[in-house]
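here you go, sequence then predicted model.
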Amino acid sequence: MSNTVQSAPGSRPKGVEGEQQVGRWVRRMFDGVAPRYDLLNHVLSGNMDTFWRARTVKLLAGEITAPGTVVVDLCCGSGDLMLALAKRRGATVFGTDFCHPMLLEASRKRAARSAATPLFEADALNLPLAADSANVLSVAFGFRNLANYERGLREMCRVLKPGGTAAILEFSTPPNRAFRAFYDFYSLRVLPRIGALLSGRDAADAYRYLPESVRRFPDADTLAMLMRQCGFTNVRYHRMTFGIVALHIGVKSPHASK
């Protein structure tokens, strides 16, 4: 059964209520896993996360190569998508996240690659950016952690220039029932144990929350519908790896309200 917009207003960790409380919980959770975030991503995804980001960059190539283009990677975490986008010549790429330890990881990675990608700390629901100021906004595996999905999309719409592009790479619901059952078993039974083993017992809550957050997240059609409701046009999505992941792309309508 498809999720509805009403049933998934935003991230809701078990036992946590209220948008401010959810934001604080999510920030603390990522504070705890930041030092091993990359290792866990690669191990738990079978290194497919590298492929998903590479395909995202390829699908956005036309939007990010024009000189003067401003790209902001939201919820940038340790910076993998930000740095992959910056490899394409032309655009100026920024990265932002509200978790300071994650930004430190991104900064170290940026320095190791001699990349000129400015970083700043900010909440994706309240960006310190002027309206109509960016050409492209991207977010990889961070959107589902927002406390309010509609507010997040409307904030993206506010910051984008008319005709600008939003790209959301996120876990999704596999459409095949048999594969979905296998994936549910892996994410709910296996993934938390591996995550706790690699990150330590203190991170066990994080790896119980993460698969549950995927299950609660709107399916691909519902997210596309919500994007249209929030001012995006030409909304489409690309499923990857049997639908485990979907990349949603939308264009800010020239008539979108600010």
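Cool, the structure landed.

when you work out contacts or count neighbours from here on, use the C-alpha atoms and nothing else.
Noted.

ok now stretch 239-248, how far from the chain's centre?
Centre-to-centre, stretch 239-248 and its host chain are 13 Å apart (Cα atoms, centre = their mean, to the nearest Å).

using CSV, list the CA coordinates for that stretch.
Written as CSV, here are the backbone C-alpha positions of stretch 239-248 (Å, rounded to 0.1, in the frame of the first residue of the first chain):
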residue,chain,number,x,y,z
ARG,A,239,14.4,4.1,-9.6
MET,A,240,17.8,2.4,-8.9
THR,A,241,18.7,-1.1,-7.7
PHE,A,242,15.2,-2.7,-7.9
GLY,A,243,13.7,0.5,-6.4
ILE,A,244,15.6,0.5,-3.2
VAL,A,245,16.6,4.1,-4.1
ALA,A,246,14.8,6.7,-6.2
LEU,A,247,16.2,10.0,-7.5
HIS,A,248,13.4,12.6,-7.8
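
now do the strands in the stretch 151-258 of the chain.
Here the stretch 151-258 of the chain has its strands, by DSSP state E, counting those that start in this stretch, at 160-171, 232-240, 245-252.

mind putting the ones you listed into TSV with mean pLDDT?
Output for the strands of the stretch 151-258 of the chain, formatted as TSV (pLDDT from 0 to 100):
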stretch	mean pLDDT
strand 160-171	97
strand 232-240	98
strand 245-252	97
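
out of those strands, which comes closest to Met102?
Distance to Met102, taken as Cα to Cα, is lowest for strand 160-171 among the strands of the stretch 151-258 of the chain, at 18.2 Å.

how about low-confidence regions in the stretch 1-150 of the chain?
1-8, 44 (pLDDT under 70).

make it 50
Applying pLDDT under 50 to the stretch 1-150 of the chain flags the ranges 1-7.
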